[in-house]
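Q: give me a model of this one.
(chains A and B)
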Amino acid sequence: MSGEALVRVAGLTVTARGRRRGDDGATIVRDVELELDRGKTLGVVGESGSGKSTVALSILGLLGPGLHAEGSVAFDGRELLHRSEPELRPIRGAEIGAVFQNPFRSLNPSLRVGVQIRETVMLDGHERRAAEQTAIELLGQVGLPDPERAAASYPHTLSGGMQQRVAIALSIARDPRLLIADEPTTALDVRVQAQILELLARLVRERDMALILISHDLGVVASVADRIAVMYSGRVVESGPAADVFRSAAHPYSHALLESAPRLRGPHGLAASLRGSATPPSVPMDGCRFAPRCTFAVPRCSTNEPPLEVVDDRGHRAACWELPWTPTAHGDAAELRKSRS
Amino acid sequence: MSGEPLVEVQGLGKLFPRAGARARRGEGLWAVRDVSFTVRAGETVALVGESGAGKSTVGRCLLGLTDPTTGVVEVGGFDLAALRRGARRAHRSQIGAVFQDSSSSLNPRWTIERSVRHPLDVHRRDSTAERGRRVRELLARVGLTDAHARRVPSQLSGGERQRAAIARALVLGPRLIVCDEPTSALDVSVQAQIVELLMSLQVEQQVACVFISHDLAVVRAVSDRIMVMRDGAVVETGAAEALLAAPASAYTQELLAAVPDAPYSDPPQPSRQGVPS
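A: Numbering: from 1, shown residues only, chains lettered A, B, ... in the order given. This next block holds a predicted model:
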């Protein structure tokens, strides 16, 4: 784990610049820590506004002009934050690829698919002919049934799933060591989603590529991730090996989130264990940001913010004063709620 | 639970014609083909399928927002398409609707109170004072305060807006509500709240529900019966748990296999209570 992580994010804080002088600006992401090894998959889960995408954009150096990042984003030992655009260019795209939710917006609508991929491949100095061949091979690798024909198509003639495959082909065209996929299957039908997730998992395996998969969908993340980070209101509240986080969630929020998810097998899920909605990260507050919604909050929770602390020796960490938090240690959650109401 | 048949749909078809001369030859896209089903009073029937399956078009036919090309849609014994305008409008008050995008189903410049009250004004129900009372009561029931009632939609969160939309759908005391992807735009925790609210209200007010969704896991929790659609036609229909446990058609099996199920957290929580069965 430690020592030679491919990606190490530490103390990452992103603020939006204030409009007036003297205005401190709004915090969007606070003190985020992430670690990812080569060839592994990190799943980042959280609800809207939790800061997942901002973390992704910080790593890619794509934060908008009004946003300011502090802390550290180390990629393969090199610091990425505060690099100038020319310094970032050889890294972004070549070493770090990206796939977003809307594939159509990642593609140029007026260029044939093959041309877009060829141009990208040629950035690495390949000859036009060879690049053209590579483009078709890539389209085959991402599972398009007729790569030649796909290469000759314009994006709008392809279905959403096909477009996402093309966007993935484009993102891996320069053989990056890290791929960041931000809600890559959210706009897709469930059968296509399964295919795309399978494709991503296969590419990770075959290319020894690391993947950061960002999603609001616990099921999606659980199906591919080795490690998980759960974000809430701009912070990472829990992280660790996927199996550990899912099987024995250490943070009350992660646990409630798992209870809220609808399920096909076993209990229905969909327990409305979380009342109200999350405090936006921009709202300043003392103490744990989850405390107002937490069934197990103690007085200390609303005055001091808990740090991300080690839960066990397998790298499972959580930010909660009441650790080790287990539903059993506090009585069954559902029972407790019932008795309180 | 299994009351009188409230909704009867027989051989429903909807053709979206092509532009120009080909339309006159009956060419176009059959969004819905020969769909038949019944919904009993108080029952929840889910329509599931992928995009383009025709679920929403069936919903729009039930709401009288579009007329069927073939077949009959009867709600409470009346065929909406056969009614004249006045009668049609009066009859529509028996059917409520909740859509995915709560911001587009509420007037952005009206307060929440005015939007929820509007159906009562349109249908000239009760006295003015009585209308105000009914709106306040319903808003409180869906978990909105007087302060929420005075705001406009953009000042509410997505979950709060959807609560307001539910209040509006129920304000006339409908016998049927059509919910078209009511939780698809919401966060997981908020989705659970809204589903819980919808289900408890439905039991309380004895409303039948047609629940349209692409999400099989959500559908499992809310519905008595499930109808799986593909390319405009019904693939399979059955009691919810039975259909999901042992789907008969290859298509449903494929859909179920594709769902990445949310993992459990130890210890397993007691299964959801209050599910009408």
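
Q: can you pull the contacts of the most centrally placed residue in chain A?
A: Centre of chain A computed as the mean C-alpha position; nearest residue by Cα atoms, centre = their mean is A:I214, 2.5 Å away. A:I214 makes contact with A:43-45, A:52-53, A:55-56, A:180-183 under the criterion Cβ atoms under 8 Å, 6 or more residues apart in numbering or on different chains. C-beta coordinates here come from the backbone N, C-alpha and C atoms, glycine included.

Q: among those residues, which ones are in helices?
A: Among these, the members found in helices (DSSP state H) are A:52-53, A:55-56.

Q: adding pLDDT, write the residues you listed out as CSV.
A: Shown next, in CSV, are the ones in helices among the contacts of A:I214 (pLDDT from 0 to 100):
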residue, pLDDT
A:K52, 95
A:S53, 95
A:V55, 97
A:A56, 96
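
Q: from the residues you listed, which would you call buried?
A: The neighbour-count test (16 or more other Cβ atoms under 10 Å in any protein chain shown) marks A:52-53, A:55-56 as buried among the ones in helices among the contacts of A:I214.

Q: pretty sure the residue nearest to the centre of chain A sits in a strand.
A: Yes - under DSSP: H, G, I helix; E, B strand; the rest coil, A:I214 sits within a strand.

Q: give me the beta-bridge partners of it?
A: A:V44, A:D182 (DSSP bridges).

Q: which neighbouring elements make contact with the helix or strand where A:Q116 lies?
A: In this structure, A:Q116 sits in helix A:113-122 according to DSSP states H and E. Applying 3 or more Cβ pairs under 8 Å, 6 or more residues apart in numbering or on different chains; DSSP states H and E, one finds that helix A:113-122 contacts helix A:128-141, helix A:147-151, helix A:160-171.

Q: quick one: closest of those helices to chain B.
A: Shortest distance between chain B and the helices and strands packed on helix A:113-122, using Cβ to the nearest Cβ, is found for helix A:160-171: 8.5 Å.

Q: list the helices and strands that closest one packs on?
A: For helix A:160-171, the elements it packs on are strand A:96-99, helix A:103-106, helix A:113-122, helix A:128-141, helix A:190-207, judged by 3+ Cβ pairs under 8 Å, 6+ apart.

Q: run the last query once more with 6 Å
A: Contacts defined by 3 or more Cβ pairs under 6 Å, 6 or more residues apart in numbering or on different chains; DSSP states H and E place helix A:160-171 against strand A:96-99, helix A:103-106, helix A:113-122.

Q: picking up where we left off before, any idea which of the helices and strands packed on helix A:113-122 is most buried?
A: Greatest average neighbour count among the helices and strands packed on helix A:113-122 goes to helix A:160-171 (a mean of 24), per mean count of other Cβ atoms under 10 Å in any protein chain shown.

Q: what's around A:G71, how many residues?
A: A count of nearby residues for A:G71, using other Cβ atoms under 10 Å in any protein chain shown, gives 17.

Q: what about it, helix or strand, and which?
A: Here A:G71 is covered by strand A:67-75, with elements defined by DSSP H and E.

Q: which residues in the stretch 51-200 of chain B form strands?
A: Applying DSSP state E, counting those that start in this stretch to the stretch 51-200 of chain B gives strands spanning B:70-75, B:78-79, B:95-98, B:176-180.

Q: out of the ones you listed, which comes closest to B:E43?
A: Nearest to B:E43 among the strands of the stretch 51-200 of chain B is strand B:176-180 (9.9 Å), distances taken as Cβ to Cβ.

Q: around chain B, pick out the residues from the stretch 101-250 of chain A.
A: For the stretch 101-250 of chain A, the contact set with chain B under Cβ under 6 Å from any Cβ of the partner chain comprises A:189-191, A:194, A:218-220, A:222-223, A:246-249.

Q: neighbours around residue 54, how many?
A: All of this refers to chain A. Counted by other Cβ under 10 Å, the residues lying close to A:T54 total 22.

Q: sorry, I should have been clearer: chain B.
A: The number of residues packed near B:G54 is 25, by other Cβ under 10 Å.

Q: lowest average confidence, helix or strand, in chain B?
A: Using mean pLDDT, DSSP states H and E, helix B:21-24 stands out as the lowest-scoring helix or strand of chain B, at a mean of 62.

Q: elements contacting the next helix or strand after it?
A: Of the helices and strands lying after helix B:21-24 in sequence (DSSP H and E), the nearest is strand B:28-40. Counting contacts by 3+ Cβ pairs under 6 Å, 6+ apart, strand B:28-40 packs against strand B:5-17, helix B:55-63.

Q: by how many degrees do the first one and strand B:28-40 diverge?
A: So that's strand B:5-17. Counting by axes from the mean of the first three to the mean of the last three Cα atoms, to 10 degrees, strand B:5-17 lies at 180 degrees to strand B:28-40.

Q: many thanks, have a good one.
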